[in-house]
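Colleague: quick check, what structure comes out for this input:
(chains A and B)
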Protein chains: 2
Amino acid sequence: MQKIESIKEWGGHLNRYRHLSSSCQCEMTFSVYLPPLASREKVPAIYWLSGLTCTDDNFRTKAGAQRYAAELGIALIIPDTSPRGDKIADEKERYDLGQGAGFYINATQEPWVTHYRMYDYITQELPALVESKLPLIPGLRSVSGHSMGGHGALICALKNPGMYQSVSAFAPICNPVECAWGQGCFSAYLGKTRAEWEAYDATCLVNAGVEKIPLLIDQGLGDEFLADQLNSKNLERACQAQDFPITLRMHDDYDHSYHFISTFIGKHLAYHAKALER
Amino acid sequence: MQKIESIKEWGGHLNRYRHLSSSCQCEMTFSVYLPPLASREKVPAIYWLSGLTCTDDNFRTKAGAQRYAAELGIALIIPDTSPRGDKIADEKERYDLGQGAGFYINATQEPWVTHYRMYDYITQELPALVESKLPLIPGLRSVSGHSMGGHGALICALKNPGMYQSVSAFAPICNPVECAWGQGCFSAYLGKTRAEWEAYDATCLVNAGVEKIPLLIDQGLGDEFLADQLNSKNLERACQAQDFPITLRMHDDYDHSYHFISTFIGKHLAYHAKALER
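Modeller: As a prediction, this is how the structure comes out:
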């Protein structure tokens, strides 16, 4: 793991790293914000999973999260959204399949199966790497994300009881097996068997009776993708049916952009900070 | 003036407008953040002048200023950095001359003289326009900016006593007649007469004995442009010689990026808010 950039911000450092990923079988890039406290002691971490088309750059540039992370003494771990590179399978004409659209799952189908292993990367390889190399408290972590990354945060937490102290999401794809984005990626990456899709679907996982962890979700009512892609009401209904704890906050007028995230990111980081108290 | 975009953020609205500028003789685009308070009463405004290569998009996306503007009840007025368009003079191979590099001056030389009138645009046309069309308190305004825009903020305030309640800058070009960026633009836009350059140079204006207004400047010591382009020590020396009030804060390790701005923008907005109190 090689540090390729370091920028001072809010008294801490926003670093970028490159490493050869065993999960994705290619070089991967990610960013980490280390708060000032991390120069003196190990700190907890919040993993941020970004949405379609994003790299590690969007969140670190647009969300305004570093301010809160500095104040709270928490690191931000900001991975890419897929494997990348000229030799990596892609659909160059599409923003919603291939590079930039890893969907945080392990592909089983050609040509994706070799490199598109983002689920293993996010839940196993990356935490092991950063917790061994950076001043992080091993195992003390939470996860959040936006849109496709909100879906990723939800499934990573739901499928791994005890792995994350808390989970939250902004405008997540709540029921990917029922929307075009999810169906497009799942059919390509996972093939035709719907049961395999459902293992990566937050609504299906809740319906299947996974171990409970409170879900915190903020959603804008002016979000142009709410009606067709995000299906937050499907997840809410599943939670109600299963007596599964969910806080789904709907906000008048807010859209799908980082301006929405910037407005509420401080509340999410404060929520995770409580769960991450030592 | 046509509203072409409106995004809810921090309870207020981040709007984008397009209008036909009489100063620049072309269509100009700018953004305005209106805080929640502006839906009930008129508010003061802070003008933000961006640096080389920027449009109105950089600051609104990267600085994290809307949070503070919402809390303080102050509007942000975010203009473009030059005239734009296929028919507007440009140097397409250069980032530091032509479109994106208006330098907030009125050009006198061909081919720039017709459209490159950013000084008039910023100090006259734009305030008159937004104060007549938006819920702003006429005349209650401050100005800030970054790099080329920090230069712009300084000269707009220094050349117009009483027009701005306060002025601040991040890593400004403090003495453009003495650096390559300034010399490149001033020689193209203004011709060879150095006296004309000096009328748009903060250090020269202070040396010339303009009316005093406190200058607040933050500067990173890890800024890659500090030594060759920014010359903050020249301005500081001129202020000391003229007993001109300046607060120049140097910060270890911080660079020239918006990560530096995001760290200190809250302090600047709070500083302006005090000067803008009714």
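
Colleague: next, count neighbours for the spatially closest residue to A:Phe225 that is not a sequence neighbour.
Modeller: Sequence neighbours aside, A:His256 is the residue nearest to A:Phe225 in space, at 5.4 Å (criterion: CB to CB, 6 or more residues apart in numbering or on different chains). From N, CA and C alone the C-beta is placed, and that goes for glycine too. By other CB atoms under 10 Å in any protein chain shown, the residues close to A:His256 number 21.

Colleague: before we move on, what about A:Leu37?
Modeller: Neighbours around A:Leu37, by other CB under 10 Å: 19.

Colleague: these two touch, right, it and A:Glu71?
Modeller: No: using CB atoms under 8 Å, A:Leu37 makes no contact with A:Glu71, being 9.8 Å away.

Colleague: quick one, strands of chain A?
Modeller: Assigned by DSSP state E, the strands in chain A fall at A:2-9, A:12-21, A:26-34, A:43-49, A:75-79, A:136-145, A:167-170, A:215-220, A:246-251.

Colleague: got a markdown table for these, with mean pLDDT and mean neighbour count too?
Modeller: A markdown table is the format used below for those (pLDDT from 0 to 100; neighbours: other CB atoms under 10 Å in any protein chain shown):
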| stretch | mean pLDDT | mean neighbour count |
| --- | --- | --- |
| strand A:2-9 | 98 | 16 |
| strand A:12-21 | 98 | 19 |
| strand A:26-34 | 98 | 21 |
| strand A:43-49 | 98 | 27 |
| strand A:75-79 | 98 | 26 |
| strand A:136-145 | 98 | 22 |
| strand A:167-170 | 98 | 28 |
| strand A:215-220 | 98 | 24 |
| strand A:246-251 | 98 | 15 |
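
Colleague: what would those look like in CSV with distance to A:Gly184?
Modeller: What follows is the strands of chain A, written out as CSV (distance: least, CB to CB, whole Å):
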stretch, distance to A:Gly184
strand A:2-9, 32
strand A:12-21, 24
strand A:26-34, 22
strand A:43-49, 19
strand A:75-79, 22
strand A:136-145, 19
strand A:167-170, 20
strand A:215-220, 22
strand A:246-251, 25
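
Colleague: quick check: A:Pro135 vs A:Val32, distance?
Modeller: As judged by CB to CB, to the nearest Å, A:Pro135 and A:Val32 stand 10 Å apart.

Colleague: between the two, which contacts overlap?
Modeller: A:Ala75 (CB atoms under 8 Å, 6 or more residues apart in numbering or on different chains).

Colleague: show the contacting residues for the closest residue to A:Ser257 other than its chain neighbours.
Modeller: Excluding its sequence neighbours, the residue lying closest to A:Ser257 (CB to CB, 6+ apart) is B:Ile7, at 6.2 Å. Counting by CB under 8 Å, 6+ apart, B:Ile7 makes contact with A:Asp255, A:Ser257, A:His259, B:His13, B:Leu14, B:Asn15.

Colleague: just the helices in the stretch 51-200 of chain A please.
Modeller: Here the stretch 51-200 of chain A has its helices, by DSSP state H, counting those that start in this stretch, at A:57-62, A:66-72, A:118-120, A:126-133, A:148-158, A:180-190, A:194-198.

Colleague: give me the mean pLDDT for the second one.
Modeller: Mean pLDDT, computed over helix A:66-72, is 98.

Colleague: surely A:Ala153 meets A:Val143?
Modeller: Yes: when contacts are counted by CB under 8 Å, A:Ala153 is listed as touching A:Val143 (4.5 Å).

Colleague: surely the residue nearest to A:Phe225 touches A:Glu224?
Modeller: Yes: counting by CB under 8 Å, A:His256 sits close enough to A:Glu224 to count as a contact (6.0 Å).

Colleague: quick revisit: residues bridging contact with A:Ala153 and A:Val143, i.e. touching both?
Modeller: A:Tyr47, A:Leu49, A:Val167.
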